[in-house]
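*Asks:* Mind looking at a prediction? Sequence and model below.
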Amino acid sequence: MNSSAPALSAVATRARIAADVCRTRYAAPETLPVLQTIAAHFDTIADACCSTAPFNIDHITQPLTQAHALMTAHRDARLPVKVNSYVFQPFDSQASSVPLPAPLYPASDQLTAQELVLRARLIRLNADTTAAVEDTDRWFRAVLATLAAWSRLAGEVDADNRRPSNRHAVIAKHIACPECSGHDIRFGVRNWATCTCGYGDIWGAFLACFCFSHECPAVAALTI
Ligand SMILES: [Zn+2]
Ligand SMILES: [Zn+2]
């Protein structure tokens, strides 16, 4: 943990920007109070970081936990929980940058291209540590806008991947036989899977994705 004054000041700056973005975000009338409450949690964090009172990490982690719960419960607020990682990052001496969101594995080529553009934008922003310090406002607003776009895209991919016509394309993105590269695999009991080519191995050996095997949609579709 890094509770030095520059780190706290950086957390405060990012929290104030996140609060401002929440307050000015266009949303349905029923979502606006949620955004206001999340903004208030970010303000609490910024105030705690700037206070002359003895610093306690709970003053950051508790409002972040409350904001996290609201973001998860209100997808319509379009605030991915990664926002919290960016606010906390200057305080976290282990984290040189925030890890990228988990891959979406779209079946459609067009959505795949959009994912690549957003991923590249986030990689570029994460690498721009100079802008993060010297032009925090512009930099962090760009990060938040990219995360909001990612969140929207994730919703589109989810809906598109669920179409029955995309079933095989989705499966092919997630699993492949290490022996024949085929996708005609059955996931059976005791974590054992077999391919039509005859190859058998543990479930994990067939995953081409970064999912946990029990959360992988392809494994779920092909479990017998
Ligand atoms: Zn095979
Ligand atoms: Zn998967």
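*Replies:* Done, it's in. Numbering: from 1, shown residues only. Ligands and ions are numbered 1, 2, ... in the order given.

*Asks:* Spell out which parts of this protein neighbour ligand 2.
*Replies:* Within the chain, the positions lying close to ligand 2 (CB under 5 Å from the ion) are 174, 209, 211, 216. Backbone N, C-alpha and C define where each C-beta goes, glycine included.

*Asks:* contacting residues around the host helix or strand of residue 201?
*Replies:* Assigned by DSSP states H and E, residue 201 belongs to strand 200-202. Residues from elsewhere that reach strand 200-202 (CB atoms under 8 Å, 6 or more residues apart in numbering): 178, 191, 192, 193, 194.

*Asks:* and if you look at stretch 145-156?
*Replies:* 75, 78-80, 82-83, 101, 104, 111, 114-115, 118, 121-122, 125.

*Asks:* quick one: average confidence on the strand or helix carrying residue 152?
*Replies:* In this structure, residue 152 is located in helix 136-161 according to DSSP H and E. For helix 136-161, the mean per-residue pLDDT is 94.

*Asks:* after it, next one along is what?
*Replies:* helix 167-174.

*Asks:* For that next one, list the C-alpha coordinates in PDB.
*Replies:* Listed next in PDB are the C-alpha coordinates belonging to helix 167-174 (Å, rounded to 0.1, in the frame of the first residue of the first chain):
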ATOM      1  CA  ARG A 167     -23.800 -21.200 -31.200                       C
ATOM      2  CA  HIS A 168     -21.100 -22.900 -33.200                       C
ATOM      3  CA  ALA A 169     -19.100 -19.700 -33.700                       C
ATOM      4  CA  VAL A 170     -19.200 -19.000 -29.900                       C
ATOM      5  CA  ILE A 171     -18.100 -22.600 -29.100                       C
ATOM      6  CA  ALA A 172     -15.200 -22.300 -31.600                       C
ATOM      7  CA  LYS A 173     -14.000 -19.100 -29.900                       C
ATOM      8  CA  HIS A 174     -13.800 -20.800 -26.500                       C
END
